[in-house]
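Asks: Here is my input; please provide its structure:
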Amino acid sequence: MGTENSATAPNSIAVTTPATPSATPAPPAAPAAATATATAAGTTLRGTLQAALGVAAFSLTFPATAWGLEGFGPWSLVAVRSVLAAVIAGGCLLALRVPLPARRHWAGLAVVAAGVVIGFPLFTTLALQTSTTAHAAVVVGLLPLSTALFSALRVGTRPSRTFWTAALAGAAAVVAFTVQQSGGALTTADLYLFAALLVCAAGYTEGGRLARVMPGWQVIGWALVLCLPLSVPAAVVALSYEPVHLTWHGVTGLLWVAAGSQFLGLVVWYRGMAAIGIPKASQLQLAQPLLTLVWSVLLLGEHLTVAAPLTAAAVLVCIAVTQRARG
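Replies: Residues are numbered from 1 along each chain as shown. Got it, this is the predicted structure:
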């Protein structure tokens with residue numbers, strides 16, 4: 001019996017001994033978790049700042065387009081801005097010897113090109129021939145909701161109910177403003193703006209998806225280069241038919257929409273979307289109408305109706321809600 005007892009004791013020790021070392025590594029897990037949390041928070045902050053810089057660049061697009069129309073016809077302005085932006089982007093791609101995207105990405109780049117490079121600039125430029133920049137800016141406040149809808153359909157994101165409630169509230173304010181400003185009926189300019197919303201939302205969504213697998217600047221860079229076979233002939237034809245008056249405003253507006261809005265702004269915008277997600281990044285654009293209203297007064301001397309800043313402020317409030325809602 002004594003032998004059996006002595007045999008039992010070592011077995012008992014053999015079972016309990018491994019438990020002690022396995023428990024010892026547990027404390028370092030807390031610093032690792034804290035580091036991961038801090039890294040995620042830093043990524044979110046950087047992504048938010050990048051998306052916000054993109055919004056700031058986009059907020060100048062309508063005033064710059066209005067300036068550009070002082071010196072160029074609408075078709076010339078759209079085509080030439082695309083060519084100039086493609087030259088900048090192509091130069092960066094060549095200088096850094098960036099390889100061609102994989103074949104599976106070309107369809108997505110075509111969507112970005114159709115929506116962001118061609119569709120949105122064309123429709124908004126046509127709209128701004130008869131619409132004020134303030135009115136157009138408030139209507140484009142629907143872009144965040146449009147982008148979130150396309151994201152849900154294309155990428156499969158499922159934002160929370162709170163997110164959708166806030167986004168729909170902002171959209172409702174924009175629709176009410178549009179109907180009130182148009183005297184109860186939509187104008188041709190409004191139809192151009194709504195068309196611009198749809199194609200741009202598709203381009204943003206596809207670009208945000210591609211920015212997860214390639215740098216954001218390459219997404220817009222290749223989309224611009226992809227349009228060159230269309231934009232170069234279009235620019236030549238448009239310039240031959242539409243008179244050009246080189247003014248300081250016209251040239252400055254053209255350069256900004258080409259370099260700032262069409263390339264640099266989209267670079268940081270797509271990087272931001274890749275970091276914080278398409279739905280949340282898109283809601284930052286609710287601030288864009290308010291910023292554009294400021295520029296329309298400072299740069300164009302437009303006189304705002306009371307409804308414009310009130311509507312812009314109403315949709316701006318939705319940012320706080322959507323950014324706190326889980327997207």
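Asks: For residue 126, list the residues it contacts.
Replies: 74, 189, 192 (C-beta atoms under 8 Å, 6 or more residues apart in numbering). Just so you know, the C-beta spots here come from the backbone N, C-alpha and C atoms, and that holds for glycine as well.
Asks: Among the residues you listed, which lie within helices?
Replies: Mapping the contacts of residue 126 onto helices (DSSP state H) picks out 74, 189, 192.
Asks: which sections of the stretch 51-200 of the chain are below the confidence cut-off?
Replies: Within the stretch 51-200 of the chain, the set of residues satisfying pLDDT under 70 comprises 182, 184.
Asks: quick one: the residue nearest to residue 315 when sequence neighbours are not counted from residue 314, how far?
Replies: The shortest distance from residue 315 to any non-neighbouring residue, by C-beta to C-beta, 6 or more residues apart in numbering, is to residue 170 (3.9 Å). Noted for residue 170: a distance of 7 Å to residue 314, by C-beta to C-beta, to the nearest Å.
Asks: Show me which of the two is the more surrounded one.
Replies: Ranked by neighbour count (other C-beta atoms under 10 Å), residue 170 and residue 314 place residue 170 first, with 26 against 19.
Asks: Check the offset of the strand or helix carrying that one from the chain's centre.
Replies: According to DSSP states H and E, residue 170 maps onto helix 161-181. Chain-centre distance of helix 161-181: 19 Å, with C-alpha atoms, centre = their mean, to the nearest Å.
Asks: for stretch 99-112, same thing?
Replies: 18 Å.
Asks: outside of it, which residues touch it?
Replies: Against stretch 99-112 from outside (C-beta under 8 Å, 6+ apart): 202-203, 206-207, 209-210, 213-214, 218-220, 222-223, 226.
Asks: can you give me the end-to-end distance of it?
Replies: Stretch 99-112 has an end-to-end distance of 19 Å (C-alpha to C-alpha, to the nearest Å).
Asks: Can you list the buried residues in it?
Replies: Within stretch 99-112, the residues scored as buried using 16 or more other C-beta atoms under 10 Å are 101, 105, 108, 109, 111, 112.
Asks: from memory residue 293 sits against residue 137, does it?
Replies: Yes - here residue 293 reaches residue 137: they are 6.0 Å apart, a contact under C-beta atoms under 8 Å.
Asks: residues in contact with the residue nearest to residue 315?
Replies: 141, 144, 145, 286, 314, 315, 318.
Asks: one step back: which of the buried residues of stretch 99-112 sit farthest apart?
Replies: Based on C-beta to C-beta, the longest span within these runs between 101 and 111 and measures 13.2 Å.
Asks: The residue most central in space within the chain and residue 58, how far apart?
Replies: Nearest residue to the geometric centre of the chain (C-alpha atoms, centre = their mean): residue 269, 4.7 Å. According to C-beta to C-beta, residue 269 and residue 58 sit 7 Å apart.
Asks: same deal with residue 210?
Replies: According to C-beta to C-beta, residue 210 and residue 58 sit 19 Å apart.
Asks: Repeat that for residue 49.
Replies: On the measure of C-beta to C-beta, residue 49 and residue 58 end up 15 Å apart.
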